[in-house]
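> Show me the folded form of this:
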Amino acid sequence: NIVITVLVVLLLLVPFTTALAALSFSVEAGNGVVDQGSTLVSDVSDDSSTQITINDTIEGGLKLGGTTYNDIYVGSNGYITFGHPQTSFNPAGIASYTDGPMIAAQYDDIDPSKGGSIYINEDDTNDRVTVTWYQVAPFGGPNPQYGSGVNTFQIRLHGTGGGNGDFGIEFRYDTINWIGGGGSGLPTAGWTFGDQTTYSEVSVSGETTFLTIESETNISHPGVFGWDVSGGSVV
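Model prediction:
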């Protein structure tokens, strides 16, 4: 019985250790907002997309697929796009997106003009760009499909390649109180190359259980998701 108990404990520990060790960047404790900074994204109107230069912060830019990007587009509706602006509020799904590379933490009908702000923090010392959707409201005002109140979450991009384009993707879900802003559909989250082939979604993407995402994870760290991008491929 003692041997069996020890084996069970070891089996439970292996996924936790492996998941955390697999990332090439460190993850802060908890799932709260970190490195929000005080710089507001210039355009925080409904359905907006703002171009941000990042290769002055992350040396060598970010490589996805066969393309290296020196800037990103921050969309008010909960995502970052590469090589193209995007203002869509209807989360048709990560799998069906075809306009190009996208990283989405809550692809939803968000309207910062009705409440909240979007911050950009460029940390040159640590080669890191953090985008924070802070206490953002739904387009549907107080009546989204599910829940009420405001949401706070982050997408963090960690330069890990020393100039060769490798980087890490981190989602942090501080507070998710509502989903389905404006009744446009349930939010999706994950990443895609925009080719309907190369993509991945978080465990509750497109589900009503997105409201529980603060307790979900893919790296044994509740409320946080992480992926490495190496040689243009997402791990």
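> Where does pLDDT dip in the protein?
Along the chain, the model assigns pLDDT under 70 to residues 1-21, 141-142.
> let's see it at 50
3-21 (pLDDT under 50).
> tell me the contacts of residue 200?
Applying CB atoms under 8 Å, 6 or more residues apart in numbering to residue 200 gives the contacts 94, 190-192, 227, 234. The C-beta positions use only the backbone N, C-alpha and C, and glycine is treated the same way.
> from these, which is closest to residue 66?
Of all these, residue 66 sits closest to residue 234, with 13.5 Å by CB to CB.
> Just the closest of the contacts of residue 200 to residue 165, please.
Nearest to residue 165 out of the contacts of residue 200 is residue 234 (CB to CB; 12.5 Å).
> For the nearest residue to the closest one once chain neighbours are set aside, give me the backbone phi and psi.
Distances taken as CB to CB, 6 or more residues apart in numbering place residue 227 nearest to residue 234, at 5.2 Å, with adjacent residues excluded. As for residue 227, its main-chain torsions (degrees, to the nearest 10) stand at phi -140, psi 150.
> who's in contact with residue 227?
168-169, 191, 200, 218, 234-235 are the contacts of residue 227 under CB under 8 Å, 6+ apart.
> Drop anything exposed from the residues you listed.
Neighbour counting by 16 or more other CB atoms under 10 Å classes 168-169, 191, 234 among these as buried.
> Taking the residues you listed together, which two end up most distant?
Using CB to CB, the buried ones among the contacts of residue 227 reach their maximum pairwise distance at 168 and 191, which is 11.7 Å.
> Can you show me the helices along this structure?
2-22 (DSSP state H).
> In contact with the closest residue to residue 145 other than its chain neighbours, which residues?
Nearest residue to residue 145, sequence neighbours excluded (CB to CB, 6+ apart): residue 180, at 2.7 Å. By CB under 8 Å, 6+ apart, the residues touching residue 180 are 108-109, 138, 140, 144-146, 186-187.
> Quick one: end-to-end distance for stretch 90-102.
Distance across stretch 90-102, first residue to last, is 14 Å (CA to CA, to the nearest Å).
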